[in-house]
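**Student:** need coordinates for the following:
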Amino acid sequence: MERKRSGHWLAPAEYGQEIAYEAMRHAIAPVLRRMMAWIEATGTEHIPEVGPALLVSNHRSLLDPLLIALSLERHVHFVADSWLGHVALSRFLRAAGVIFLPSQVHRSHAMITQGAAALADGELLGIFPEGMDNFTAWTPPRAVGHFHTAFARLWWEVRDYAVPIVPVAIVGSPCERRLTVPAALVRAFDRGTSHIESPTVAAVFYESARIRFGEPLMLPTFKTEAEAVAGIVSRSRAAVAALMAG
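**Tutor:** Coordinates of the predicted model:
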């Protein structure tokens, strides 16, 4: 049996992926609602009903992709760091369409290649350009950190598809629960995190959260990849910061 999604009929493999994703959403929804006082999503009308889009969000908690997934009816393919590919649920996450980065070399190339394939197929792709930066150094709850550039190079790769970039801000409550994890434990899972110099990594759990989806970015016509990368990174970060400030 096939099912229609994003304007096309699903092949059996895609159908299985959709089942895994929906199972994940239904499993985590009651858990998060029990953990958190409230979860509120606004601006979901900015997500296209069909066709590709690049969701660019801030990132300070492992809950972030789960909160986005709960906020939207459409399937979102998230890009995840390689260490998550070694946890107990990694096989299930892969089945649900999560894209895991390699542990060391060619990380950007892998993200661009796999991300471009998902976007070309009309999917939603969720990316956190801050990476793990906010996990290795304390940052204020509403601060937006440095954006890495691979997502902008990905957009340039698929520019002929006119993929909209939708900024997303996950605004946690000022009061957060923080669990400190030894950095050595993270390195044991992912040799690509050997650059982490801090002795610990912080796992943040929100007491409540607002997930704000902004209007797609209005982008000019870029003449070169370098111009596009600089423009997209600065515009995306500014849009996320504006949503955070609310």
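**Student:** in the chain, which helix or strand is least confident?
**Tutor:** The helix or strand of the chain with the poorest confidence is strand 4-5; it has a mean of 46 (mean pLDDT, DSSP states H and E).
**Student:** strands of the protein, start to end?
**Tutor:** 4-5, 8-9, 39-42, 53-57, 76-80, 99-100, 124-127, 165-172, 176-182, 200-206, 209-213 (DSSP state E).
**Student:** and these: which comes nearest residue 142?
**Tutor:** For residue 142, the closest of the strands of the chain is strand 165-172, at 6.7 Å, according to C-beta to C-beta. (C-beta placed from N, C-alpha, C; glycine too.)
**Student:** tell me the angle of the closest one relative to strand 53-57?
**Tutor:** Interaxial angle of strand 165-172 relative to strand 53-57 (axes from the mean of the first three to the mean of the last three C-alpha atoms, to 10 degrees): 30 degrees.
**Student:** what angle do strand 165-172 and strand 209-213 make?
**Tutor:** 170 degrees.
**Student:** CA atoms of strand 165-172 as CSV?
**Tutor:** The C-alpha trace of strand 165-172 is given here as CSV (Å, rounded to 0.1, in the frame of the first residue of the first chain):
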residue,chain,number,x,y,z
ILE,A,165,14.5,29.1,4.2
VAL,A,166,12.2,29.2,7.3
PRO,A,167,13.8,30.5,10.5
VAL,A,168,12.8,28.8,13.7
ALA,A,169,13.4,29.9,17.3
ILE,A,170,13.0,27.5,20.2
VAL,A,171,12.5,29.8,23.2
GLY,A,172,12.9,27.9,26.5
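**Student:** now it: how far from the chain's centre is it?
**Tutor:** The chain centroid and the centroid of strand 165-172 are separated by 10 Å under C-alpha atoms, centre = their mean, to the nearest Å.
**Student:** give me the sheet partners of that strand and which way each runs.
**Tutor:** strand 53-57 (parallel), strand 209-213 (antiparallel) (DSSP bridges).
**Student:** gap between the first one and the chain center?
**Tutor:** So the one you mean is strand 53-57. On C-alpha atoms, centre = their mean, the centre of strand 53-57 falls 7 Å from the chain's centre.
**Student:** returning to that earlier point: make TSV from the strands paired with strand 165-172 and add distance to residue 238 and mean pLDDT to it.
**Tutor:** Shown next, in TSV, are these (distance: least, C-beta to C-beta, whole Å; pLDDT from 0 to 100):
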stretch	distance to residue 238	mean pLDDT
strand 53-57	11	98
strand 209-213	14	97
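**Student:** quick one: which of these is nearest residue 70?
**Tutor:** Using C-beta to C-beta, the nearest of those to residue 70 is strand 209-213, at 8.3 Å.
**Student:** who touches that closest one?
**Tutor:** 36, 39-44, 46-47, 55, 63, 67-68, 71, 166-173, 243-244, 246 (C-beta atoms under 8 Å, 6 or more residues apart in numbering).
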